[in-house]
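Student: compute the structure for the input listed below.
(4 chains)
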Number of protein chains: 2
Amino acid sequence: MNAFDVLADPVRRRTLELISQREHASGEIVKAVEAEFGISQSAVSQHLRILRDTGFAKVRKDGAKRCYEIDPAGFDDVDAWLDRLRHFWVSNMEALATEIERGKRSDKST
Amino acid sequence: MNAFDVLADPVRRRTLELISQREHASGEIVKAVEAEFGISQSAVSQHLRILRDTGFAKVRKDGAKRCYEIDPAGFDDVDAWLDRLRHFWVSNMEALATEIERGKRSDKST
DNA sequence: CAACAATATTAGTTCACACTAATATTATTC
DNA sequence: GAATAATATTAGTGTGAACTAATATTGTTG
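Tutor: Okay, the predicted model is just below:
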């Protein structure tokens, strides 16, 4: 699953919000998400697996608990794609501005 | 459809890449995407509609042609969400750094 | 080690959405 | 206005992914 697909799911986005603020045990995430979305422990666990597998979350063992924290690496592809796109359209706007400026200059004859 | 769902589709991402560089007529997009993904004109047109409806693309009529250009507005939600998340984890890292600094200072006794 | 707690995995179901095929709309040209 | 071109829409289908229910795994405690 690619990074954009990961972020497309609202449960995963909510989970990332939670673990971006501080480390959360799986059970804490289950409680929060269960309340908001009405889904099972199993479903949440499957989402956590995806976040792990795609580099959005890191896990630490604490006895029987698994503590999840955010992993910025997961966002690299998304950031890169968005930056590249923005670079394109910004440079287009600049080119457009240059064109307009040229137009103004050649208008001095009128 | 929400902004993250829009970006989750590879055809839509490719289309955004195209129109972020310069304006493209629908037919040009169809050609490019058809070649890469092997999908029909209809499918591309449906994607273009989604990009319009969700504020990622603006259209200009040019005779029978429809010229698509990128609309930065579509990215606002995505940017806001990513920025908010990043703000959280950066401030956590800063808090952690402060903790470590405190630890170092109280270690001077050892 | 039995009982319990926390989490993960597996198999099977359901539903959204991306697609095709066909058709409709809109604009141009003869 | 008929024919063609460019694009959009609609109806129907297939598939992937998110879910539940059940079970397995891993760790703690008496």
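
Student: the residue of chain A found nearest DNA strand C is in what secondary structure piece?
Tutor: Nearest to DNA strand C in chain A, going by CB to the nearest atom of the strand, is residue A:27, at a distance of 2.4 Å. To be clear about C-beta, it is placed using only N, CA and C from the backbone, and glycine gets the same treatment. Under DSSP states H and E, the secondary-structure element containing residue A:27 is helix A:26-37.

Student: and the helix or strand following that helix, what's buried?
Tutor: Counting by DSSP H and E, the next helix or strand C-terminal to helix A:26-37 is helix A:41-53. Residues of helix A:41-53 classed as buried: A:44, A:47-48, A:50-52 (neighbour count, 16 or more other CB atoms under 10 Å in any protein chain shown).

Student: check contacts around residue A:72.
Tutor: Residues in contact with residue A:72 (CB atoms under 8 Å, 6 or more residues apart in numbering or on different chains) are residue B:89.

Student: hang on, the earlier thing: so what's the spatially closest residue to the residue of chain A closest to DNA strand C that is not a sequence neighbour up against?
Tutor: With sequence-adjacent residues excluded and distances taken as CB to CB, 6 or more residues apart in numbering or on different chains, residue A:27 is closest to residue A:65, at 6.9 Å. For residue A:65, the set of contacting residues under the criterion of CB under 8 Å, 6+ apart consists of A:25-27.

Student: one more pass at 10 Å, please.
Tutor: Contact partners of residue A:65, counting by CB atoms under 10 Å, 6 or more residues apart in numbering or on different chains, are A:25-28.

Student: restricted to buried residues, select those residues in ChimeraX.
Tutor: Buried members of those can be picked out in ChimeraX with the line below, counting by 16+ other CB under 10 Å:
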select /A:25,26,28
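
Student: and the two most separated of the contacts of residue A:65?
Tutor: A:26 and A:28 (7.3 Å; CB to CB).

Student: which residues in chain A form helices?
Tutor: A:3-8, A:10-21, A:26-37, A:41-53, A:76-106 (DSSP state H).

Student: setting aside sequence neighbours, what's the nearest residue to the closest residue to chain B within chain A?
Tutor: Of all residues in chain A, residue A:8 sits closest to chain B, with a separation of 3.8 Å (CB to the nearest CB). Of all residues not flanking residue A:8 in the chain, residue B:8 sits nearest, at 3.8 Å (CB to CB, 6+ apart).

Student: count of residues packed around the one you found?
Tutor: When neighbours are defined as other CB atoms under 10 Å in any protein chain shown, residue B:8 has 20 of them.

Student: which residues of chain A score low on pLDDT?
Tutor: Scanning chain A for pLDDT under 70 picks out the ranges A:104-105, A:107-110.

Student: tell me the residues of it that contact DNA strand C?
Tutor: A:25-27, A:30, A:41-42, A:45-46, A:48-49, A:59, A:64-66 (CB under 7 Å from any atom of the strand).

Student: how about 6 Å then?
Tutor: Residues of chain A lying close to DNA strand C (CB under 6 Å from any atom of the strand) are A:25-27, A:41-42, A:45-46, A:48-49, A:64-66.

Student: can I get those in a markdown table including distance to residue A:81?
Tutor: Rendered in a markdown table, the data for those read as follows (distance: CB to CB, whole Å):
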| residue | distance to residue A:81 |
| --- | --- |
| A:25 | 32 |
| A:26 | 30 |
| A:27 | 34 |
| A:41 | 33 |
| A:42 | 32 |
| A:45 | 29 |
| A:46 | 26 |
| A:48 | 24 |
| A:49 | 24 |
| A:64 | 38 |
| A:65 | 35 |
| A:66 | 30 |
